[in-house]
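**Q** Sequence first, then the predicted structure, then my questions.
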Amino acid sequence: MKKSVSSVVVNNRIDREFQELIVSYKARLNRNISQVSSIRHQFIGIRWRIKQAESISEKLLYYMSENHEFGRIPLNKCLNDFLGFRILVNNLEAVFDVLQNDHRVTNIAKLYLRTDGDYKGIHLYFKNGNNRFFPWELQIWDPEQSHLNELSHKEHKQKRQYISLPQHYFDANLEKEE
């Protein structure tokens, strides 16, 4: 796998070989994701998603900005949520304490309790030791907080889209309307 965002994005276009890798990786994930259904009954709620192609493209292009060192950021950091799970559990703080202190929990690249405005949830990022796979994200929410978290997530996504709109407008070289 290529190492940085700039190694797969050239002139605001995503490398064809990388696109093919993404398609293949998504197909493998889709074949294996059905196994999650067997644990559904263990949680109040569980959802998952594989990042859509458009979202991957937007994120890669977003990371080509000055704020992200013009793409010198590692691909695994940019696409740290290629596969995402969200589960609902009661007593979020107790779950966080267990995750922090249980030494049997391994392959976690990052674990933190995120509180941002109305949003509150545990975020875990899992990685494979050899960087052959993109990291996976697990968000753990309290059911009573889930509605506020959903609203907060929508706001976050909208902000990110609007950040890139002026640049996309400029890149399109559109004629000024009179």
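**A** All right, it came through fine.

**Q** Near residue 141, how many other residues are there?
**A** 22 (other C-beta atoms under 10 Å). (Glycine included, C-beta is placed from N, CA and C.)

**Q** residues in contact with it?
**A** Residue 141 makes contact with 86-89, 92, 120-122, 149 under the criterion C-beta atoms under 8 Å, 6 or more residues apart in numbering.

**Q** how about a cut-off of 7 Å?
**A** Residues in contact with residue 141 (C-beta atoms under 7 Å, 6 or more residues apart in numbering) are 86, 88, 121, 149.

**Q** Next up, identify which helix or strand the third one is on.
**A** When elements are defined using DSSP states H and E, residue 121 is found to belong to strand 119-126.

**Q** Report the buried residues of that strand.
**A** 119-122, 124-126 (16 or more other C-beta atoms under 10 Å).

**Q** Pick the one among those residues closest to residue 79.
**A** The nearest member of the buried residues of strand 119-126 to residue 79, counting by C-beta to C-beta, is residue 125 at 11.0 Å.

**Q** Next up, the contacts around the closest one.
**A** By C-beta under 7 Å, 6+ apart, residue 125 lies in contact with 80, 108-110, 135, 137.

**Q** Next, format those as JSON lines and append distance to residue 41, neighbour count and secondary structure.
**A** JSON lines is the format used below for those (distance: C-beta to C-beta, whole Å; neighbours: other C-beta atoms under 10 Å; DSSP: H, G, I helix; E, B strand; the rest coil):
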{"residue": "80", "distance to residue 41": "29", "neighbour count": "20", "secondary structure": "coil"}
{"residue": "108", "distance to residue 41": "25", "neighbour count": "14", "secondary structure": "strand"}
{"residue": "109", "distance to residue 41": "28", "neighbour count": "15", "secondary structure": "strand"}
{"residue": "110", "distance to residue 41": "28", "neighbour count": "13", "secondary structure": "strand"}
{"residue": "135", "distance to residue 41": "27", "neighbour count": "22", "secondary structure": "coil"}
{"residue": "137", "distance to residue 41": "22", "neighbour count": "19", "secondary structure": "strand"}
